[in-house]
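In: Test case, fold it:
(chains A and B)
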Protein chains: 2
Amino acid sequence: MEKLAIIKIGGNIIEDETSLNNFLKLFSNFEGKKILVHGGGKRATNIASRLGIKSKMIDGRRITDAATLEVITMVYGGLVNKNIVAKLQALYVDAIGLTGADINSIKSDKRPVKEIDFGFVGDVKEVASNSINKLIQADFTPVFCAITHDGNGQLLNTNADTIASTIAVGMSKLYKTSIYYCFELNGVLQDFNDKKSVIKKINSKTYKELLAKEIITDGMIPKLDNCFDALKNGVSKVHIGNSSMLTKENELFTTITI
Amino acid sequence: MEKLAIIKIGGNIIEDETSLNNFLKLFSNFEGKKILVHGGGKRATNIASRLGIKSKMIDGRRITDAATLEVITMVYGGLVNKNIVAKLQALYVDAIGLTGADINSIKSDKRPVKEIDFGFVGDVKEVASNSINKLIQADFTPVFCAITHDGNGQLLNTNADTIASTIAVGMSKLYKTSIYYCFELNGVLQDFNDKKSVIKKINSKTYKELLAKEIITDGMIPKLDNCFDALKNGVSKVHIGNSSMLTKENELFTTITI
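Out: Model (predicted):
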C-alpha cells in the first residue's frame, strides 16, 4: 500500500508569517503523497473583534453563533487557506484548498444541543475518501481548513485535529496513512519544565503506564485518546512534535503506535 | 466536441439570498458540463467598511491595496465561494470552490503601474485548462471566485467577467464552450427604457451597425468587445441576459456569435 501523510498545523504556525513560510518549505520538501490540515487560530478572533463580534463562551467553551461562523468562513476558508495555497504553488506544490463542503469531502452533523448549545459546530460523520483520492490521483495536494458541512447547505465549524484524524482514518482504506500533529512543543514531554524530555515512543501499553504515573495529564489526555482512536481505526502511526519533525535531521518527536 | 458552459453571475444575484438560491437552483438544473464564476459585489465593500478600511478610488477607479485584497480574499474566496459550494452540494451538484491559485488554474500578472497604480490587481496570463479538465473529468463542478495569483505567492484581484471569458477561451481547446453572462437586464437592449426590447442576436456585422447607430453605447461597449474577443479566440457563443435564460422556457436574452 502506498503511503499518505496527513499533516496538521495549528494557530502558532499560522499566526506568524515567518513560521508559516518555514513550515510550508518543510511541507513542500516532504516526500510522497500528503494532505495539509490547518486551523485558523487567533486571526479569526482578531477579525471578529474588529467587526465588533464578541466571542461567546459558556463554561469556558467557545460558541459558534451565525456571526462567528461567517468570520470563520472568511478567515479559515478564505484568508488563511487561499494564502497557504498561493504560497505552496510558489514552492511548486500543486495545492488545492478545500472545506468539507468542496467535493462533499467531509460531512458532519450539527452538534446536538444538550447542556450547552455550541451553535454551528459540526461533529464529523463521513469522509468521502474516493473523492479526495481523485484529487490525489490527479497529483493535486489537498489543503483542508477546519470547516465542514451538513449536506443541506449549512457550513459548520469543526475541530482541526478531528478533521486530520478522520481524514487519516477514511483514507486508510486506500493508503498506509500516518498523521503528523505539528505544535509548539517537541513532542509529548516526560517533564513539562524540560522541553527536551520528549517521550519518543508511546504505545497502548506504555500509555496506560504514563497515565497511571500521572506523567500524561490534563489537555494531553483527550489529544492522545484521539490518536489511539485513529490508530484503532486503521491509521498506522501518529507523530507529535514541532514542524521540524518533517525533516529527516530531527529525531526529537513522539511517535505513537497501537 | 462535448459542450461546456461557463456561467458568470454578478453582485446583484450574490447580494440577495433569494436571488442566489433561485439562481443556484437554475444552475443545478442546467444540463451538461458547467463552470460557475462569481464576483463578490457589495459584500466586500460592506465588510471593508465595518473593518474601517476605506475604498480607495483614483479617477473613479477602485484601487486594491493590501488591506482591500485581504477583505476580497476573505469575502470572495471564503464567505461567498464556500456558501455557494455548500448550497450547490445540497442541490446535488458536486461543486468545488477555487481561486486561480488552486491547482494553479489561473495565473496573472500584477497590472503594471502606468498613470494609475491599481495595486493588487491581476491581468490574466494563463489558464491551466488541462488541470481544470481533470476536475471536470472527475465529475466535479468548478466554482471560481474573482481571485487569481502570480505564481510567486501573491493573490490578485481580477475582474470576474474576464475570468469567465479567459476560462472559456482556455477550455475551448477541449470543449465547445459557451459563456452565459447573467446580469440584472434581460439582455442587450434596443431601447434602455424598454426592458423587453432585447436584441436577440448580435454578430460582428450587426454589432458595427448597432455601434454606428449609437444603440450600443457607454459601458456596454467594453463588455461586447470582450465577448467578440472571446469568440475570435475559440468560444462558440456568448449569451447575455437575466439568469432565467438558463431555462428552456425563457427565450428573451441576447446571443452573440462571430
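In: quick one: residue A:86 and residue B:148 touch, right?
Out: No: at 9.6 Å, residue A:86 does not count as touching residue B:148 under the criterion of Cβ atoms under 8 Å. (C-beta placed from N, C-alpha, C; glycine too.)
In: any shared contact partners between these two?
Out: B:99, B:101, B:155 (Cβ atoms under 8 Å, 6 or more residues apart in numbering or on different chains).
In: So for residue A:86 and residue B:148, which residue has more residues nearby?
Out: Between residue A:86 and residue B:148, residue B:148 has the larger neighbour count (other Cβ atoms under 10 Å in any protein chain shown), namely 33 against 27.
In: chain center to the helix or strand that contains the more buried one: distance?
Out: Following DSSP states H and E, one finds residue B:148 within strand B:147-149. Strand B:147-149 sits 13 Å away from the centroid of its parent chain (Cα atoms, centre = their mean, to the nearest Å).
In: Is it positioned near chain A?
Out: Yes: judged by Cβ under 8 Å from any Cβ of the partner chain, strand B:147-149 comes into contact with chain A through B:147, B:149.
In: Now whichever residue of the stretch 151-258 of chain A sits closest to chain B: phi and psi?
Out: Closest to chain B within the stretch 151-258 of chain A is residue A:153: 3.9 Å, counting by Cβ to the nearest Cβ. Note on residue A:153: its backbone torsions stand at phi 100, psi 0 [degrees, to the nearest 10].
In: Pull the number of nearby residues for it.
Out: If you count neighbours by other Cβ under 10 Å, residue A:153 ends up with 18.
In: What parts of the stretch 1-150 of chain A come near chain B?
Out: Close to chain B, as judged by Cβ under 8 Å from any Cβ, the stretch 1-150 of chain A has residues A:47, A:50-52, A:70, A:73-79, A:81-83, A:85-87, A:89-90, A:94-99, A:101-104, A:131, A:134-135, A:138, A:140, A:147, A:149.
In: Give me the ChimeraX select line for the residues you listed, limited to the buried ones.
Out: To isolate the buried members of the residues of the stretch 1-150 of chain A next to chain B in ChimeraX, using 16 or more other Cβ atoms under 10 Å in any protein chain shown:
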select /A:47,51,70,73,74,75,76,77,78,79,81,82,83,85,86,87,89,90,94,95,96,97,98,99,101,102,103,104,131,134,135,138,140,147,149
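In: quick one: which of the residues of the stretch 1-150 of chain A next to chain B sit in strands?
Out: A:95-98, A:147, A:149 (DSSP state E).
In: Would you mind giving those residues as CSV with pLDDT and distance to residue A:220 added?
Out: CSV is the format used below for those (pLDDT from 0 to 100; distance: Cβ to Cβ, whole Å):
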residue, pLDDT, distance to residue A:220
A:95, 98, 31
A:96, 98, 33
A:97, 98, 30
A:98, 98, 29
A:147, 98, 26
A:149, 98, 31
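In: out of these, who's nearest residue B:4?
Out: The shortest gap between residue B:4 and any of these belongs to residue A:96, at 19.9 Å (Cβ to Cβ).
In: low-scoring pLDDT stretches of the stretch 1-150 of chain A, where are they?
Out: Within the stretch 1-150 of chain A, no stretch has pLDDT under 70.
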